[in-house]
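Asker: 3D, please:
(2 chains)
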Amino acid sequence: MTAILAVAESRNGELRKVAFEVVAAARQAAEALGGGEVHAILFGAPGIAARAGALGRYGADVVTVVEHPALGRYSPEVFAATVAGRLKSADYRAAFFAASAEGRDLAPRVAAKAGVSLASDVTGFEFQGDAVLARHPAYTGKVIVTLRLTGTPALLSLRPGAIAPAEQPRDARIESAAPALDPGAARVTVTDVAARGSAKLDLGEATIVVSGGRGLRTAENFKLVEDLAAAIGNAAVGATRAVTDDGWRPATDQIGQTGRLVSPDLYIAVGISGAVQHLAGMRTAKTIVAINKDKDAPIFKIADYGIVGDLFEIMPRLTEEIRKVRSHQ
Amino acid sequence: MEMRFSLAGDRKSLNQAGLKYEMGDFDGYALEVGLQLAEKQGGEVSVFSVGPDGVQETLRKALAMGAARAVQLKADEVPFDGLALAHALAAELKDGNYDLILFGRVATDTANGTVGPMAAELLDLPCVSSISQLEIKGGRGTAQRELEGSAETVQFSLPAVLTIDEGIARPRLASLKGIMAAKKKPLEVKPAQLGPARLTVESMALPPDRPAGRIVGEGADAVPELVRLLQDEAKVL
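Answerer: Got it, this is the predicted structure:
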């Protein structure tokens, strides 16, 4: 029986949401191929093994934990050598990565080491004979390309948020392994990780994103966006490029063609006209709400619900109404 | 600029009418980083592109911006498979003794973002991807790359492969003098030694139009109805 490998990501000693998505996708692949095993691999500082069992909830049969004091942070060469070694150790049909900042770096390295091709930033997939058909948004999201990936193992990186992690509980067997390369011998070393951005919740992990544009007029007025995000609770704050270019928000908050690509359940666009570059970063959101004073703004063409009017009147009211809803939940 | 895409009759490629190919945004940043480093620290910049003769226009532009030489790795079609491209580039770059090999973080059209790190592996060179800050000193480099919600500081030894994100350098405009000088600079054409393409385009589709949305109302009075719809209809609150 062929197995599927899932590379689970952690940060600061905790599993990331994408770790569950990747394991769930691997489980989905295993089921489509007749119910083989899913093997997850998890790197971290000593102590990360305590988190490994949670991957069983999404369908991992085995979790291989690679603990090392130097692996609390991403170590590209160590991770790549270890995952590539793991791929060679068994008969894997496919391996799944997250198309996160870490996975976008790791997956192509592993592919080149293993001499196999990689379908990157994939939003859906199916196995067809000896090929995998993978959906991949390209041309700034304006064309959905279906790719045919041949060769074994097939490597895929999944766009965060694109695949909902379904629970398929198993008692995962936890194993430990040593890194395939001495972290001290790596030519590339992460020496520091500094928190960035103002939002507590990361844009890629949040199920709800509230985003602001030039219509807010000043950096101070972003408080309206932050207040709404805070009232919602599980929301992150994003911005358009015009806003980050003007320094109202850090560049890391930018959503769009050259910034973050997000697919939340709910995207609330506040004072955003809807330039095509911005739409490229959020058009895959499940529900889009737009608040804008210009009824002809392009954002209304893709929004599910819109309110036309003065955001400075609408936003405090919306925040208040949502606080009421949340207090009843 | 708003680009409207339409599909060709085979449903596997874009209708080429009206399409204009240019240097990718991130490739422009990478070229500018290379030019600035060469100006400050000495050395020269060579530019490479895999593709049909149409890429010569982009290579000439790079020469006009200040690159010293250009090489077209000629291929009738540019494969979608990043590994096939990385093979062609690694074969060309392996004997070049370059201190730094710079790539754009991702091509804005195919949106794969894989060729740089793949080429680095094939060349067995250290690699840092998606960097937004860079300092080179005494044969070592320090770069910063953005993660979700945080930033990594990364140290590496030279020679190295880097892929360049936004925020590091805005590409310069070519001067008239540069454009004139570019005409005399070497542009070499060689066949691309592409690797096997195991990632190919099966089909293309335009994303479905989102169902027409609705304007819930005007002004703050529309808020209660919006909240009701988000709860009861969209079920996202």
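Asker: use CA for all of it now, contacts and neighbours both
Answerer: Fine.
Asker: Tell me which residues touch the residue nearest to the spatial centre of chain A, please.
Answerer: By C-alpha atoms, centre = their mean, the mean C-alpha position of chain A lies nearest to A:Pro160, the distance being 2.4 Å. Neighbouring residues of A:Pro160 by C-alpha atoms under 8 Å, 6 or more residues apart in numbering or on different chains: A:18, A:21, A:98-100, A:204-205, A:262-263.
Asker: Dump the residues you listed to a markdown table, plus neighbour count, secondary structure and pLDDT.
Answerer: Converted to a markdown table, those look like this (neighbours: other C-alpha atoms under 10 Å in any protein chain shown; DSSP: H, G, I helix; E, B strand; the rest coil; pLDDT from 0 to 100):
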| residue | neighbour count | secondary structure | pLDDT |
| --- | --- | --- | --- |
| A:Val18 | 28 | helix | 94 |
| A:Glu21 | 27 | helix | 95 |
| A:Ala98 | 30 | strand | 97 |
| A:Ala99 | 21 | coil | 95 |
| A:Ser100 | 19 | coil | 93 |
| A:Gly204 | 22 | coil | 78 |
| A:Glu205 | 20 | coil | 77 |
| A:Val262 | 27 | coil | 88 |
| A:Ser263 | 25 | coil | 85 |
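Asker: host element of residue 63?
Answerer: Let's take chain A. For A:Val63, the host element (DSSP states H and E) is strand A:62-67.
Asker: My question was about chain B, not that one.
Answerer: Going by DSSP H and E, B:Leu63 is part of helix B:55-65.
Asker: name the helices or strands packed onto that helix?
Answerer: Contact analysis of helix B:55-65 by 3 or more C-alpha pairs under 8 Å, 6 or more residues apart in numbering or on different chains; DSSP states H and E lists strand B:46-51, strand B:69-74, helix B:176-182 as its packing neighbours.
Asker: and that helix, which residues are buried?
Answerer: Going by neighbour count (16 or more other C-alpha atoms under 10 Å in any protein chain shown), the buried part of helix B:55-65 is B:55-56, B:58-65.
Asker: what's the spacing between it and its chain's center?
Answerer: 15 Å (C-alpha atoms, centre = their mean, to the nearest Å).
Asker: Same question for stretch A:230-241: list its buried residues.
Answerer: So stretch A:230-241, judged by 16+ other C-alpha under 10 Å, has buried residues A:230-232, A:235-241.
Asker: Report the entries of these that also contact chain B.
Answerer: Among the buried residues of stretch A:230-241, the residues lying close to chain B (C-alpha under 8 Å from any C-alpha of the partner chain) are A:Ile232.
Asker: picking up where we left off before, what's the average pLDDT for the helix holding B:Leu63?
Answerer: With pLDDT averaged residue by residue, helix B:55-65 scores 97.
Asker: Low-confidence ranges, the chain, go.
Answerer: Defaulting to chain A. A:1, A:196-200 (pLDDT under 70).
Asker: think we crossed wires, I meant chain B
Answerer: Those would be B:1-4, if you go by pLDDT under 70 across chain B.
Asker: show me where it has helices.
Answerer: B:25-41, B:55-65, B:82-93, B:115-123, B:176-182, B:223-232 (DSSP state H).
Asker: B:Leu19 and B:Leu7, how far apart?
Answerer: Noted for B:Leu19: a distance of 12 Å to B:Leu7, by C-alpha to C-alpha, to the nearest Å.
Asker: Would you mind telling me which of these two has more residues around it?
Answerer: B:Leu7 (16 against 11; other C-alpha atoms under 10 Å in any protein chain shown).
Asker: That one and B:Ser13 touch, don't they?
Answerer: Yes. Applying C-alpha atoms under 8 Å, one finds B:Leu7 in contact with B:Ser13, separated by 6.0 Å.
Asker: shared neighbours of these two, anything?
Answerer: Residues touching both B:Leu7 and B:Ser13 by C-alpha under 8 Å, 6+ apart: B:Met204.
Asker: In contact with residue 152, which residues?
Answerer: No chain in the question, so chain A it is. By C-alpha under 8 Å, 6+ apart, the neighbours of A:Thr152 are A:92-94, A:116.
Asker: try again with chain B
Answerer: B:Glu152 neighbours (C-alpha under 8 Å, 6+ apart): A:190-194, B:144-146.
Asker: Taking those, please make a PyMOL selection of just the buried ones.
Answerer: Selection of buried members from those for PyMOL, criterion 16+ other C-alpha under 10 Å:
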select buried, (chain A and resi 190+193) or (chain B and resi 144+145+146)
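Asker: Need the max-distance pair from the contacts of B:Glu152.
Answerer: Spatial extent of these (C-alpha to C-alpha) is set by the pair A:Thr191 and B:Glu146 at 13.7 Å.
Asker: Let me see the backbone angles for the closest residue to A:Ala84 other than its chain neighbours.
Answerer: In this structure, A:Ala84 finds its nearest non-sequential neighbour in A:Val110, 5.4 Å apart by C-alpha to C-alpha, 6 or more residues apart in numbering or on different chains. Main-chain dihedrals, A:Val110, degrees, to the nearest 10: phi -60, psi -40.
Asker: Give me the neighbour count for A:Val110.
Answerer: 27.
Asker: my guess is it contacts A:Thr82, does it?
Answerer: No. A:Val110 is beyond contact range of A:Thr82, at 9.0 Å (criterion: C-alpha under 8 Å).
Asker: A:Thr2 - how many residues pack around it?
Answerer: If we define neighbours as other C-alpha under 10 Å, then A:Thr2 has 15 of them.
Asker: dump the residue contacts of residue 66.
Answerer: This is for chain A. So A:Val66 contacts A:41-44, A:176-179 (C-alpha under 8 Å, 6+ apart).
Asker: right idea, wrong chain: chain B
Answerer: Contacts of B:Gly66 (C-alpha under 8 Å, 6+ apart): B:35, B:45, B:174, B:178.
Asker: quick one: the last one from B:Gly104, how far?
Answerer: Taking C-alpha to C-alpha as the criterion, B:Gly178 is separated from B:Gly104 by 23 Å.
Asker: ok, the two, which is more surrounded?
Answerer: A count of neighbours by other C-alpha under 10 Å puts B:Gly104 above the other of B:Gly178 and B:Gly104, at 25 against 17.
Asker: Run through the residues that contact that one.
Answerer: B:24-30, B:116, B:163-165.
Asker: looking at it, A:Glu14 is touching A:Ile48, isn't it?
Answerer: Yes. A:Glu14 is in contact with A:Ile48 according to C-alpha under 8 Å; the separation is 7.3 Å.
Asker: When the two are compared, which one has more neighbours?
Answerer: A side-by-side neighbour count of A:Glu14 and A:Ile48, using other C-alpha under 10 Å, places A:Ile48 first with 21 against 14.
Asker: Quick check, that one in contact with A:Arg11.
Answerer: No. Contact criterion C-alpha under 8 Å: A:Ile48 and A:Arg11 do not qualify, at 9.8 Å.
Asker: Any chance of the contacts of B:Gly104 in JSON lines with neighbour count and distance to A:Ala25 as columns?
Answerer: Converted to JSON lines, these look like this (neighbours: other C-alpha atoms under 10 Å in any protein chain shown; distance: C-alpha to C-alpha, whole Å):
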{"residue": "B:Gly24", "neighbour count": "16", "distance to A:Ala25": "32"}
{"residue": "B:Asp25", "neighbour count": "18", "distance to A:Ala25": "32"}
{"residue": "B:Phe26", "neighbour count": "25", "distance to A:Ala25": "30"}
{"residue": "B:Asp27", "neighbour count": "21", "distance to A:Ala25": "32"}
{"residue": "B:Gly28", "neighbour count": "21", "distance to A:Ala25": "35"}
{"residue": "B:Tyr29", "neighbour count": "27", "distance to A:Ala25": "35"}
{"residue": "B:Ala30", "neighbour count": "25", "distance to A:Ala25": "34"}
{"residue": "B:Gly116", "neighbour count": "31", "distance to A:Ala25": "26"}
{"residue": "B:Thr163", "neighbour count": "27", "distance to A:Ala25": "28"}
{"residue": "B:Ile164", "neighbour count": "29", "distance to A:Ala25": "30"}
{"residue": "B:Asp165", "neighbour count": "25", "distance to A:Ala25": "29"}
